[in-house]
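Asks: no letters, just coordinates:
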């Protein structure tokens with residue numbers, strides 16, 4: 001096989017069963033490591049199972065809702081659902097936590113995380129193709145559906161947390177995007193441009209290079225102690241250029257200082273009054 005044919009053969013990889021299995025393992029491990037997930041698994045196994053399925057198939061659920069399809073369509077693929085359910089059971093209920101401890105071993109964890117990023121590329125391209133079959137060359141819809149298919153588990157995290165009895169609206173991914181959601185959005189835009197022939201690159205080459213970028217950055221962020229997004233420098237520059245991201249204006253700072261000083265003075269006024277009253281009483285006693 002020639003070196004130039006590597007991207008083409010790579011684009012023909014089958015995701016089932018190995019890569020899909022790695023995706024389910026990484027999703028279940030990520031859920032287990034969230035606060036309160038283990039307690040919920042013993043209090044309500046059904047809620048824990050639903051949360052795991054949303055982590056594993058969140059992209060299919062969200063993209064189906066966007067295209068007015070049944071959100072439970074992923075359940076029709078019984079093989080994948082049973083495989084994800086088996087992973088869910090082993091992650092949460094395996095005796096002595098053998099399964100979880102095994103995949104907590106760093107080399108295995110890196111391998112699973114890298115394989116999960118490979119499935120992200122296939123989900124993005126599949127979502128774009130599926131959206132194009134409903135809305136021909138509607139590039140905004142293609143970007144939205146590809147983004148939802150590739151990062152649905154993160155985009156519906158609020159609903160998934162609600163299943164576990166947690167309500168944190170401030171953790172909305174649209175308010176503060178995580179790195180997987182950002183890189184999926186970039187991938188959805190790139191693959192949509194390629195699909196509409198606005199980006200002069202072959203599809204298999206784009207899939208290959210984008211996946212390499214995903215795997216390398218994911219492994220690097222897991223190995224380095226400071227998980228800084230690779231997009232941080234570009235976000236800072238573009239934010240200042242396009243949206244005027246900067247420190248709060250001076251008048252807002254002065255107003256905040258005035259409000260804090262007024263609140264502190266209001267809080268301290270009872271104590272100062274008590275001290276002054278006590279001093280007056282001591283002076284009266286001395287005069288007597």
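Replies: Yep, it's here. Being a predicted model, the structure only gives us computed values, none of them experimental.

Asks: and the closest residue to residue 228 other than its chain neighbours, what element?
Replies: Excluding the flanking residues, the one nearest residue 228 by CB to CB, 6 or more residues apart in numbering is residue 221, at 7.8 Å. Quick note: C-beta positions are derived from backbone N, CA and C, even for glycine. Here residue 221 sits within helix 203-223, counting by DSSP states H and E.

Asks: so where's the chain shaky on pLDDT?
Replies: 1, 226-227, 245-288 (pLDDT under 70).

Asks: mind running it again at 80?
Replies: Residue ranges of the chain with pLDDT under 80: 1-2, 225-229, 244-288.

Asks: mind giving me the domain split of it?
Replies: 14-236, 246-262+271-288 (automatic domain parsing).

Asks: what's in contact with the helix holding residue 221?
Replies: Residues from elsewhere that reach helix 203-223, judged by CB atoms under 8 Å, 6 or more residues apart in numbering: 6-8, 10-11, 109-110, 113-114, 117-118, 120-121, 125, 179, 183, 187, 190-191, 194-195, 199, 227-228, 230.

Asks: just stretch 182-189 next, same as before
Replies: Against stretch 182-189 from outside (CB under 8 Å, 6+ apart): 120-121, 124, 127-128, 142-144, 146-147, 150-151, 177, 210, 214, 217, 229, 231.

Asks: now do stretch 96-114
Replies: Stretch 96-114 has contacts (CB under 8 Å, 6+ apart) with 22, 25-26, 29, 32, 90-91, 94, 215, 218-219, 222-223.

Asks: and which of those residues is nearest residue 238?
Replies: Residue 238 lies nearest to residue 218 out of the contacts of stretch 96-114, by CB to CB, at 22.8 Å.

Asks: ok, residue 175 - contacts?
Replies: Contacts of residue 175 by CB under 8 Å, 6+ apart: none found.

Asks: is it part of a helix or strand, or is it coil?
Replies: coil (DSSP: H, G, I helix; E, B strand; the rest coil).
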